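Q: One predicted model, sequence on top.
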Amino acid sequence: MSSAIALENIRKSYRPGFSRKRKTAVDGLSLDVKHGEIFGLLGPNGAGKTTTLKIMLGLVSPDGGSGSLLGRPLGARDAHRLLGFLPEQPYFYGFLTAEKGLDFYGRFFGLDPRERAHRSARLLDMVGLARGSHLTLDKYSKGMLQRFGIAQALINDAELLIMDEPSSGLDPIGQKEARDLLARLKEEGKTIFISSHQLSEVENICDSVSIINLGRSVKEGRLSELLEVEGVTSVLLRGAGAASKERLSPLARSVKESGGMTHLEVESGEVYRVLNAAEDLGLELVAVQPYRRTLEDLFMEAVRGDPD
Amino acid sequence: MKNIGTLSLNVIKDTARRKLFYVVFFFGLAVVALSPLLPTFELGMRSQFLKDISLSLASLFGVVLAVVLSVNQVPGELNSRTIYNILSKPVSRPQYLLGKYLGVLADLAIILFVMGLEILVLISARAHAFSPVIFQGVFAVFLECAIIAAFCLFLSTFATVPVNVFATILFYLLCHVKTDFLHNTLVKGTSGLAKVLAWPAYYLLPNLENYNISQQVGYGKGVPAGYLLRVSGYALLFVVLFLFLGYMVFRRKDL
């Protein structure tokens, strides 16, 4: 599969204020985002996510390294015809209504007035702003602005979407709608690049991730592969108690009890012994599946394990 | 070209939202308020005096407006982050700067034209004279404002708003005193340092006195068309220069 975004050894440092010492924001970062996937860029505050996004968009020039967007070099304007961007905490011209705002952004893509009107109406309906389309954007709540931000990122029917915190400011219903929308856009063949702090959101929708810290990639790859722990199986049993815990603990890597259920992490070779013991104890088997850690576990491990 | 037009139109809408077009109303009020204070000359003299003072006032309003409109175009969009959303679209940085500048220029043209109409109406009401020659003066003010706006926009690509305002005022003053004060410093000055400082200012800054034709418009028949053509070219030269310098700073600026 070819790359929609490719960054190779990107470096960027700043001189904060009048300080002589330069601060490194991105330190030899490489990324490879394949066409048609949803890619998540994760990292703690100050990890270099925003600078990376700005470099991709040509808003910041890297000190070194190279990259391409949709096969064009970074900063090439023609790649931006095929690009949709949702900034974090999006700010728009407050004096425009949502309709006029979409019309304004649509003009930059050479869309004729009829097409702009048609797409605006469809997008505003899709993001749930059809009823508020006559209001000026300075009257919008944070969640409504986020919805408008998503709509304007889609005005050119982009091939590649770059979204900084797409669910920021949205209520739970809005977050669910945003996730569904991203899944639908992926089905349509679009490539989606997300920078986010919301690990559960990323875990739910992303195919691949890169976790960066101090401007460097500390973990990257297919999410399914990163979360799976080879040789460990997860066993869920109905029933719990001191006796069962005592009997199962020597057989498992960990035993946790909650809500009348016992959850075990077991070396794969020990599964049958655990199941036999559970049967002896009168515990009911609910599930046996390959053990998957959460993205939060992976994130903490990757960021804390980074030697710097 | 379409991108430049879209950005310019947006500047005009923003000016309307900020109610800056009301300045023409205040200008009209100022001229009407000043006119009764004029000495009670005979009608012809009164018309000349009105033209002179109205044009001076239009120049003052125009220059202040050129600074107010230009000074925050780039820093304002950086602060509000609206610039990210524009430049992530297929809009180049030269298109962005030019769109902003032409928007400011359109604002100035609209406002100065209405001011010219106000002066015309006032003169015909108070002095019973029809003086379309006033638009020569208004056009000269527009050219002066175009230079000021280009300079201010150039500075706005790297300077903070207060520094920009201060520097533009200094620029305006130096450009108006270059023919006498700076020239005298160069020719007759005794201080070496003063001469060193005066040299670049004298040779590199535009002469904005070229655009002060209120005397010719007020008390004469205006200026020849050739003169207006010449000073238009002169203004265009400096506008292009300042916009180019702005582009050179802005093209690699990290946003």
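A: It's in. Numbers count the residues shown, from 1 in each chain, chains lettered A, B, ... in the order given.
Q: contacts, neighbours, all on C-alpha from now
A: OK.
Q: State the three-state secondary structure for the residue of chain A found nearest chain B.
A: Of chain A, the residue with the smallest distance to chain B, taken as Cα to the nearest Cα, is A:Val60 at 4.5 Å. Recorded secondary structure, A:Val60: coil (DSSP: H, G, I helix; E, B strand; the rest coil).
Q: and it, how many residues sit next to it?
A: When neighbours are counted by other Cα atoms under 10 Å in any protein chain shown, A:Val60 registers 18.
Q: now swap in the one 4 residues further on and tell me
A: Other residues within reach of A:Gly64 by the criterion other Cα under 10 Å amount to 14.
Q: ok, now which ones touch the nearest residue to A:Leu86 once chain neighbours are set aside?
A: Spatially, and ignoring its direct neighbours in sequence, A:Leu86 is nearest to A:Met163 (4.6 Å; Cα to Cα, 6 or more residues apart in numbering or on different chains). Applying Cα atoms under 8 Å, 6 or more residues apart in numbering or on different chains to A:Met163 gives the contacts A:85-88, A:192-195.
Q: got it, and B:Leu60?
A: B:Leu60 touches nothing, counting by Cα under 8 Å, 6+ apart.
Q: Which positions within the helix or strand where it lies qualify as buried?
A: Assigned by DSSP states H and E, B:Leu60 falls within helix B:43-71. By 16 or more other Cα atoms under 10 Å in any protein chain shown, the buried positions in helix B:43-71 come out as B:46-59, B:61-71.
Q: Format the contacts of A:Met163 as TSV; extra columns: distance to A:Ala302.
A: Below are these laid out as TSV (distance: Cα to Cα, whole Å):
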residue	distance to A:Ala302
A:Phe85	28
A:Leu86	27
A:Pro87	26
A:Glu88	24
A:Ile192	23
A:Phe193	20
A:Ile194	19
A:Ser195	17
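Q: Tell me the one of those residues nearest B:Tyr84?
A: Distance to B:Tyr84 across the contacts of A:Met163 (Cα to Cα) is lowest for A:Pro87, with 7.5 Å.
Q: What does the closest residue in space to the closest one that isn't next to it in sequence show for phi and psi?
A: With sequence-adjacent residues excluded and distances taken as Cα to Cα, 6+ apart, A:Pro87 is closest to A:Asp164, at 5.3 Å. Here is the backbone geometry of A:Asp164 (degrees, to the nearest 10): phi -100, psi 110.
Q: hang on, the earlier thing: quick one: the residue nearest to A:Leu86 is in a helix?
A: No: looking at A:Met163 with three-state DSSP, it is strand, so not inside a helix.
Q: in the sheet, who's paired with it?
A: Listed beta-bridge partners, A:Met163: A:Leu86, A:Ile194 (assigned using DSSP bridges).
Q: Kindly report the same for A:Ser3.
A: Bridge pairing for A:Ser3 - DSSP bridges - gives A:Lys34.
Q: domain ranges for chain A?
A: A:3-214, A:228-305 (automatic domain parsing).
Q: Could you check how many residues crowd around residue 86?
A: By default, I'm working from chain A. Residues lying near A:Leu86 (other Cα under 10 Å) number 25.
Q: Please refer instead to chain B.
A: Counted by other Cα under 10 Å, the residues lying close to B:Ile86 total 20.
Q: Relative to B:Tyr227, how far out is the residue nearest to it when sequence neighbours are not counted?
A: Nearest-residue entry for B:Ile86: A:Tyr105, 7.8 Å, with adjacent residues in sequence omitted and distances by Cα to Cα, 6+ apart. Distance, A:Tyr105 to B:Tyr227, using Cα to Cα, to the nearest Å: 42 Å.
Q: What of A:Asp164?
A: For A:Asp164 relative to B:Tyr227 (Cα to Cα), the value is 55 Å.
Q: Settle it for me: which of these two has more neighbours?
A: A:Asp164 (23 against 11).
Q: Would you mind confirming that the more buried one is in contact with A:Glu88?
A: Yes: counting by Cα atoms under 8 Å, A:Glu88 is a contact partner of A:Asp164 at 4.8 Å.
Q: so which one among the contacts of A:Met163 has the lowest pLDDT?
A: Among those, A:Glu88 has the lowest pLDDT, at 83.
Q: Three-state assignment for it, please.
A: coil.
Q: quick one, strands of the stretch 151-300 of chain A?
A: All strands of the stretch 151-300 of chain A, identified by DSSP state E, counting those that start in this stretch, fall at A:160-164, A:191-195, A:208-213, A:216-222, A:228-238, A:254-258, A:261-267, A:284-292.
Q: Quick one, which of those strands gets closest to B:Val196.
A: Of those, nearest to B:Val196 by Cα to Cα is strand A:216-222, at 50.8 Å.
Q: Pairing partners for that closest one, with directions?
A: Here, using DSSP bridges, strand A:216-222 pairs with strand A:208-213 (antiparallel).
Q: Average pLDDT for the strand it pairs with, rounded please.
A: The predicted model gives strand A:208-213 an average pLDDT of 92.
Q: Please apply the same query to stretch A:168-182.
A: On average, stretch A:168-182 scores 86.
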